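# based on what follows, work out the 3D shape:
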Amino acid sequence: MKIKDRVSLEEIQKQLIKLKERLKTVKAVKSEGKEFLENIKAYVNDTEYFIKKGEYVLAFESIVWAWAWFEIGERLGFLE
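Residues are numbered from 1 along each chain as shown. Got it, this is the predicted structure:
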């Protein structure tokens, strides 16, 4: 079994939709928050790009990084 076969496109898309919904209501606090949002959006764009290319492992990695930036930003108080 190839690594690509182990990565679920459905799970990637589920997480992508969930994060995009959260981004609709989140606000940046200070310049750090703006930087966090820029990085999150860049990883979201990367995720969509890799899905289109059929690179599901890279898409999975990108959505994981997007969520990491989001959750860290919330915990540090840069996003609310």
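# just the helices in this structure please.
3-6, 9-23, 30-53, 56-75 (DSSP state H).
# contacting residues around the residue nearest the centre of the chain?
In the chain, the C-alpha nearest the mean C-alpha coordinate belongs to residue 66, at 2.8 Å (C-alpha atoms, centre = their mean). With contact taken as C-beta atoms under 8 Å, 6 or more residues apart in numbering, residue 66 is in contact with 19, 40, 43-44, 47. In this view, the C-beta of every residue, glycine as well, is placed from N, C-alpha and C.
# which one of those is nearest residue 29?
Distance to residue 29 across the contacts of residue 66 (C-beta to C-beta) is lowest for residue 40, with 14.0 Å.
# leaving out the residues flanking it, which one is nearest to the closest one?
Of all residues not flanking residue 40 in the chain, residue 69 sits nearest, at 4.8 Å (C-beta to C-beta, 6 or more residues apart in numbering).
# what is the neighbour count of that neighbour?
For residue 69, the count of nearby residues is 22 (other C-beta atoms under 10 Å).
# can you pull the contacts of it?
Residue 69 makes contact with 36, 39-40, 43, according to C-beta under 8 Å, 6+ apart.
# let me have those in a markdown table, extended by distance to residue 7, pLDDT and neighbour count.
Formatted as a markdown table, the contacts of residue 69 follow (distance: C-beta to C-beta, whole Å; pLDDT from 0 to 100; neighbours: other C-beta atoms under 10 Å):
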| residue | distance to residue 7 | pLDDT | neighbour count |
| --- | --- | --- | --- |
| 36 | 26 | 97 | 22 |
| 39 | 22 | 98 | 16 |
| 40 | 21 | 98 | 23 |
| 43 | 16 | 98 | 21 |
